[in-house]
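In: below: sequence and its predicted model.
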Amino acid sequence: MAWIDRIREDDRRAIEAFLDALWMEHGLAANTLAGYRNDLARLAYWLGEQGRSPLLAAGRADLLDWLGEQQGARPRSVRRLLSALRRFYRYQVREGRRSDDPTARIDPPQLGRPLPATLTEGEVEALLAAPDTDEPRGLRDRAMLEVLYATGLRVSELVTLEAGRVSLQQGVVHVVGKGGRERLVPLGDEAAAWLRRYLREGRPALAEGRGASDALFVTRRGGAMTRQAFWQLIRRYAGLAGIEKHLSPHTLRHAFATHLLDHGADLRAVQMLLGHADLSTTQIYTHVAQARLEQLHQQHHPRG
């Protein structure tokens, strides 16, 4: 027997009137309406079983108690339930059947932030070695990948980086990030060596006869590379390196942060290198590192 058939007649009429209004006003799909019907009827049935007020008269405490009993439900499912309740009670207020919305002061559960995709150190090494450095474009691409992994720059910061903002003598990159915030990021010896070779052999060949450009990394036409073009390069080199993971434009940035933390870097230092205004944004990488440690423990510890 469906939930709708197990509830009080007044509650059933209120739910069906609400669903009719949703269909008339918004043309919602039958599956969506069925989901709303089921969620509201479940609440109405619970209220009746508990000897509480009818659905139309339920208060904030009733709704909180019911939501609290959804043990085992994922935060996303509870948010969906709360969304159905909000629409139902706001409709009742609009129609004058209630003077207040009991969901107004109920906050939805927070969804956990998904862990960013990252690469192992071995996968990074394979990706960096994928370009053919015997030709100018491959040399440029190797230098870009090395700089990206060494500095944790955003891809947009990398492709707009001007040659004058790199000091090979000091081994740092002067970055202008989001909101115009500036930061100095160390290059590291390996990235600096590839960058020197690119500036000596690759960039002059790519930019020859095409006019001067302020961009550090240039295309065959002598202009700056786009973010989308570089993303396509990463995907191609990932294929050549045999990396089957789903990569994003920020994958090397994520790897930079995660590997620093894996090797004992201070979270505040990583925040400064990434250019995060808020430490909470950087803390997601501690979860990545922790997840990898747990995986290693399960694989290699005798009691894992």
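Out: Sure thing, it's come through. Remember, predicted model here, so these are calculated numbers, not experimental data.
In: distance of Asn38 from Gln232?
Out: Per Cβ to Cβ, to the nearest Å, Asn38 is found 45 Å from Gln232. Where you see a C-beta, it was placed from the backbone N, CA and C, and this is true even at glycine.
In: who's more crowded, these two?
Out: With neighbours defined as other Cβ atoms under 10 Å, Asn38 and Gln232 compare such that Asn38 has more, 15 against 10.
In: quick one, phi psi at the more buried one?
Out: Main-chain torsions, Asn38, degrees, to the nearest 10: phi -70, psi -40.
In: and if you look at Asp10?
Out: Dihedral angles of Asp10 (phi, psi; degrees, to the nearest 10) stand at phi -60, psi -40.
In: thought Ile4 was touching Ile15, still the case?
Out: Yes: counting by Cβ atoms under 8 Å, Ile15 does reach Ile4; the two are 6.9 Å apart.
In: neighbour count for the two, which is higher?
Out: Neighbours per residue (other Cβ under 10 Å) separate Ile15 from Ile4, with Ile15 holding more: 24 against 18.
In: distance-wise, check the more buried one relative to Ala104.
Out: 20 Å.
In: again with Thr258
Out: Per Cβ to Cβ, Thr258 is found 41 Å from Ala104.
In: out of those two, which sits in the more crowded spot?
Out: Thr258 (25 against 11).
In: buried residues in stretch 10-20, which are they?
Out: Buried residues in stretch 10-20, defined by neighbour count with 16 or more other Cβ atoms under 10 Å: 11-12, 14-15, 18-19.
In: which stretches of this structure have low pLDDT?
Out: Applying pLDDT under 70 to the chain picks out residues 1, 71-73, 109-117, 209-212, 249, 266-270, 272, 275-304.
In: one more time with 80
Out: 1-3, 28, 68-78, 107-118, 176-181, 207-213, 222, 246-250, 253, 256-304 (pLDDT under 80).
In: where along it do the strands fall?
Out: 166-167, 172-176, 182-186 (DSSP state E).
In: tabulate these (TSV), appending mean neighbour count and distance to Gly222.
Out: TSV is the format used below for those (neighbours: other Cβ atoms under 10 Å; distance: least, Cβ to Cβ, whole Å):
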stretch	mean neighbour count	distance to Gly222
strand 166-167	16	18
strand 172-176	19	22
strand 182-186	15	26
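In: could I get those strands in TSV, plus columns for distance to Arg137?
Out: As requested, these are exported to TSV (distance: least, Cβ to Cβ, whole Å):
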stretch	distance to Arg137
strand 166-167	19
strand 172-176	22
strand 182-186	25
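In: of the ones you listed, which approaches Ser213 most closely?
Out: Taking Cβ to Cβ, strand 166-167 is the member of the strands of the chain nearest to Ser213, at 14.2 Å.
In: what does the closest one rub up against?
Out: With Cβ atoms under 8 Å, 6 or more residues apart in numbering as the test, strand 166-167 has contacts from 172-174, 187, 195, 216.
In: in TSV: these, plus distance to Leu82.
Out: Shown next, in TSV, are the contacts of strand 166-167 (distance: Cβ to Cβ, whole Å):
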residue	distance to Leu82
Val172	49
Val173	46
His174	47
Leu187	49
Leu195	52
Leu216	49
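In: nearest to Leu240 among those?
Out: Among the contacts of strand 166-167, Leu195 lies closest to Leu240 (Cβ to Cβ), at 21.7 Å.
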